[in-house]
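Undergrad: Next input, structure requested:
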Amino acid sequence: MDDFDSMNWSFNMYCKDNIITFIGVLLFYEVQVSIIVTPLSEAIGAEIVGVDLSLPVSDNDLQIINSAIEKYLVIVVRAQRFSPKSLLSAVRLFGETMEQHLTDTLMDDYPEIALLDSREMPPDKEGKIIPFGGRDWHTDHTNHEIPPKFTALYALKLPDTGGDTSFANMHLAYNSLDENEQKILSKLQTVNKIEDFAYIDEKAREKFGKLPVHPLIRTHPATHKKAIYIHPGKLENLVGMKAQDSHILIRNLLDKVITPQISYRHKWQKGDFLITDNRAVLHLAHQDYDLSEGRTMYRVLIKGERPI
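TA: Okay, the predicted model is just below:
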């Protein structure tokens, strides 16, 4: 091999080695940044793109999503395509599913999934039809001794306009109170009932109507931050107070602390998979759409721990 051939061979090997290295770096970089997490507001919520939860999820990707839930309290993973079976598989990545008490909404083949369809809403005792989750700011299923830590929602069908859901960071709500208010509220406990809705059967009423008592101010088990924890629609009374006085106190409290500065209003897209941390977030489904158009969600609850 003459000098020219030797130089040419060396140059080709150099290029080959560096191209392989470059490709390796690109592949490594792609793996590392396949998931993109973007905050949705200063107070709460993040959007996640770049992952298909109907497929196997790497430990790295799952760690990124779990970290986002802990940091932002609400996450929405865009552009998911789930069957009921694959939805449950995705939800179980984040914990154990739990029983829901809205019995008439539960799917026959998948009873862990509630099908929430605005077109199927029965009227309440006053003859009003109010969308699921649209009555009050609330956390979910406080009438359970062990309430859910997460609620997972999957958007199947949406109205042409409206149908948003708002979320409020109740850590920030608690922090907005002065020290004396925090001290007073931290002593209060809620007695929680099951709602008197037509789509809850008698068996569920008996099982989940035992009036569990929870703290009004609960401590998050992962971050140890304090948050206001309440479902006004399930509030029987505050311990030691009359029902009417209890509801007035809670209504005035939420009117005071839930502001645009601690909230995020989510505009749904078909295929959105959303998880909210019930231990630190209240949510409200807005009633600004034609119920007959159909706003349809799958809902799955993830078992939590006893509030303290």
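
Undergrad: just for this structure, where's the confidence low?
TA: Counting by pLDDT under 70, the chain shows low-confidence ranges at 1-33, 122-134, 197-199.

Undergrad: contacting residues around stretch 192-211?
TA: Applying C-beta atoms under 8 Å, 6 or more residues apart in numbering, the contact partners of stretch 192-211 are 101-105, 122-125, 142-145, 191, 212-214, 231, 233-236. (C-beta placed from N, C-alpha, C; glycine too.)

Undergrad: Now find how far off-centre it is within its chain.
TA: 23 Å (C-alpha atoms, centre = their mean, to the nearest Å).

Undergrad: mind starting the numbering at 27 from now?
TA: Right, with 27 as the first residue, what we last looked at is stretch 218-237.

Undergrad: okay, how far is it across that stretch, tip to tip?
TA: From its first residue to its last, stretch 218-237 covers 5 Å (C-alpha to C-alpha, to the nearest Å).

Undergrad: and if you look at stretch 76-83?
TA: Terminal-residue distance, stretch 76-83 (C-alpha to C-alpha): 11 Å.

Undergrad: in that stretch, what counts as buried?
TA: By neighbour count on 16 or more other C-beta atoms under 10 Å, the buried set for stretch 76-83 is 77, 79-80, 83.

Undergrad: Nearest the geometric middle of the chain, what residue?
TA: Centroid check for the chain by C-alpha atoms, centre = their mean gives T302 as the closest residue, at 1.6 Å.

Undergrad: Wait, a strand at that residue?
TA: Yes. Using DSSP: H, G, I helix; E, B strand; the rest coil, the assignment for T302 is a strand.

Undergrad: Cross-check the contact I'm expecting between it and H309.
TA: Yes. T302 is within contact range of H309, at 5.9 Å (criterion: C-beta atoms under 8 Å).

Undergrad: any residues in contact with both of the two?
TA: Residues touching both T302 and H309 (C-beta under 8 Å, 6+ apart): 177, 193.

Undergrad: Pick out whichever of the buried residues of stretch 76-83 sits closest to S112.
TA: Within the buried residues of stretch 76-83, distances to S112 taken as C-beta to C-beta reach their minimum at S80, with 4.4 Å.

Undergrad: L114 is in contact with that closest one, correct?
TA: No. With contacts counted by C-beta under 8 Å, S80 stays clear of L114, the gap being 11.0 Å.

Undergrad: domains of this structure?
TA: 27-59, 63-329 (automatic domain parsing).

Undergrad: what's the span of the longest one, first residue to last?
TA: Yep, that's domain 63-329 we're talking about. Chord length of domain 63-329, first to last residue, is 25 Å (C-alpha to C-alpha).

Undergrad: So which residues of the stretch 127-276 of the chain form helices?
TA: 196-201, 205-211, 228-234, 269-283 (DSSP state H, counting those that start in this stretch).

Undergrad: so of the domains of the chain, which one's packed in deepest?
TA: Most buried of the domains of the chain, by mean neighbour count (mean count of other C-beta atoms under 10 Å): domain 63-329, with a mean of 18.

Undergrad: Partner strands of the biggest strand by length in the chain and their direction?
TA: Ordering each strand of the chain by length in residues (DSSP state E) puts strand 174-183 first. Strand 174-183 has its sheet partners listed here by DSSP bridges as strand 299-303 (antiparallel), strand 322-329 (antiparallel).

Undergrad: Can you dump the C-alpha atoms of it in CSV for me?
TA: The C-alpha trace of strand 174-183 is given here as CSV (Å, rounded to 0.1, in the frame of the first residue of the first chain):
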residue,chain,number,x,y,z
PRO,A,174,-58.0,7.9,45.0
LYS,A,175,-54.6,9.5,44.7
PHE,A,176,-55.1,10.0,41.0
THR,A,177,-58.0,10.4,38.6
ALA,A,178,-57.2,9.4,35.0
LEU,A,179,-59.4,10.8,32.2
TYR,A,180,-59.3,9.9,28.5
ALA,A,181,-61.2,12.2,26.0
LEU,A,182,-63.2,10.2,23.5
LYS,A,183,-65.7,12.7,22.1
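
Undergrad: What lies in contact with it?
TA: Here strand 174-183 has contacts from 95, 106, 108, 113, 117, 120-121, 124, 143, 166-167, 191, 294-305, 309, 320-331, using C-beta under 8 Å, 6+ apart.

Undergrad: Could you rerun that using 6 Å?
TA: Strand 174-183 has contacts (C-beta atoms under 6 Å, 6 or more residues apart in numbering) with 108, 113, 117, 124, 166-167, 294, 296, 298-302, 304-305, 320, 322-328, 330.

Undergrad: Tell me the spacing between A311 and K296.
TA: To K296, A311 is 17 Å away according to C-beta to C-beta, to the nearest Å.
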